[in-house]
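Asker: Sequence plus the predicted model coming up.
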Amino acid sequence: MNTIIVNGLRYSQIYKNINMLVFDMSGTVINDSGLFYKTIFNTLRDNGLNIDRKDMRNWYGLSKYEIMNYYLYNKTSFERGNENFGIMKSQIYKDFNNNILEQYFNNNNNNNIRLMNKNIPNLFNQIREKNIKICLNTGFNKNIQEELIWKLNLNTLIDDYICSDDVQNERPEPDMIETLMKRNNINDPKQVIKIGDTKNDILEGLNANCLLSIGVLTGRSNFNNLIDAGANHIINDLNDLEIIHNNKPLEGLNNYFL
């Protein structure tokens with residue numbers, strides 16, 4: 001029985017006929033101890049942009065490109081069509097990818113990159129035992145994504161993964177989810193649930209017409225950010241997802257529908 005219980009903050013509900021869960025990585029499955037934002041800050045500063053550390057408070061819920069582009073468009077003297085603007089933009093993107101790779105996989109930071117909680121391997125295994133596919137997607141490039149997957153042994157816990165390099169349009173467009181569906185022979189998006197910690201995760205799931213787009217509070221957004229983006233549920237962490245076992249009683253749910 002491909003059934004998931006979502007123990008949301010506002011209510012709990014049971015969903016049947018689920019064939020795939022698509023999880024964002026950093027902030028949802030992976031805890032990077034704030035290295036993501038620190039790396040954006042240092043990358044922008046090292047490229048000469050006027051940036052205040054206090055600005056980081058306003059970054060939560062935004063993608064790396066939204067953050068970097070804001071400073072490129074508002075804190076440089078170049079016009080957008082100017083050749084030098086394009087050169088600076090490409091350099092900052094390149095520097096960020098190199099810097100995040102160094103920060104995530106430098107031996108000095110080994111303890112800063114870990115699974116969001118220790119129960120994730122058990123949760124993913126239980127989900128897969130019910131013939132529900134576990135997929136990961138990310139805005140990171142392929143090299144960073146695969147390094148993270150292998151570093152945390154996620155390759156043994158998932159069925160598929162994809163990054164923005166693999167598709168034409170990044171989040172919030174639905175390309176990554178739609179590609180995962182095709183690769184895993186899933187035709188109906190109402191058999192798919194998207195889980196993530198940012199506005200763009202939520203919008204991605206909505207744009208893909210998934211059954212649910214679930215926001216999780218372990219990452220870069222607060223409750224209101226995710227609700228305003230259109231999240232169907234908000235959960236504290238991934239432990240709020242459950243599988244119904246044959247002998248599991250249903251008592252204790254605040255509200256559920258079969």
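Answerer: Yes, it's here. Predicted model only: the values in this text are computed from it and were never measured.
Asker: Break down the stretch 1-150 of the chain into its helices, ranges please.
Answerer: 35-46, 64-74, 83-105, 120-129, 142-151 (DSSP state H, counting those that start in this stretch).
Asker: For residue 157, find the nearest of those.
Answerer: Closest to residue 157 of those, according to C-beta to C-beta: helix 120-129, at 4.3 Å. All C-beta atoms are positioned from the backbone trio N, CA, C, and that covers glycine.
Asker: just to revisit the earlier point, of the helices of the stretch 1-150 of the chain, flag the one that's most buried.
Answerer: For the helices of the stretch 1-150 of the chain, the largest average neighbour count (mean count of other C-beta atoms under 10 Å) is found in helix 35-46, namely a mean of 19.
Asker: now the angle from that one to helix 64-74?
Answerer: 20 degrees (axes from the mean of the first three to the mean of the last three C-alpha atoms, to 10 degrees).
Asker: what's helix 35-46 packed up against?
Answerer: helix 64-74, helix 83-105 (3 or more C-beta pairs under 8 Å, 6 or more residues apart in numbering; DSSP states H and E).
Asker: Now find how far off-centre the shortest one is within its chain.
Answerer: It stands for helix 64-74. Per C-alpha atoms, centre = their mean, to the nearest Å, the displacement of helix 64-74 from the mean C-alpha position of its chain is 19 Å.
Asker: picking that back up, compile the helices and strands packed on helix 35-46 into CSV and extend it with columns for distance to residue 34 and mean pLDDT.
Answerer: CSV is the format used below for the helices and strands packed on helix 35-46 (distance: least, C-beta to C-beta, whole Å; pLDDT from 0 to 100):
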stretch, distance to residue 34, mean pLDDT
helix 64-74, 14, 86
helix 83-105, 10, 89
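Asker: ok, back up a step: what's the closest of the helices of the stretch 1-150 of the chain to residue 244?
Answerer: helix 120-129 (10.2 Å).
Asker: From the chain's centroid, how far away is the closest one?
Answerer: Counting by C-alpha atoms, centre = their mean, helix 120-129 is centred 18 Å from the centre of its parent chain.
Asker: try stretch 47-62
Answerer: Worked out by C-alpha atoms, centre = their mean, stretch 47-62 lies 20 Å from the chain centre.
Asker: pLDDT of it, averaged?
Answerer: Mean pLDDT, computed over stretch 47-62, is 82.
Asker: go on, stretch 26-39?
Answerer: The model assigns stretch 26-39 a mean pLDDT of 92.
Asker: ok so, going back, export the helices and strands packed on helix 35-46 as JSON lines, with columns for distance to residue 218.
Answerer: JSON lines is the format used below for the helices and strands packed on helix 35-46 (distance: least, C-beta to C-beta, whole Å):
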{"stretch": "helix 64-74", "distance to residue 218": "18"}
{"stretch": "helix 83-105", "distance to residue 218": "17"}
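Asker: Before I go, just wanted to say thanks for your time.
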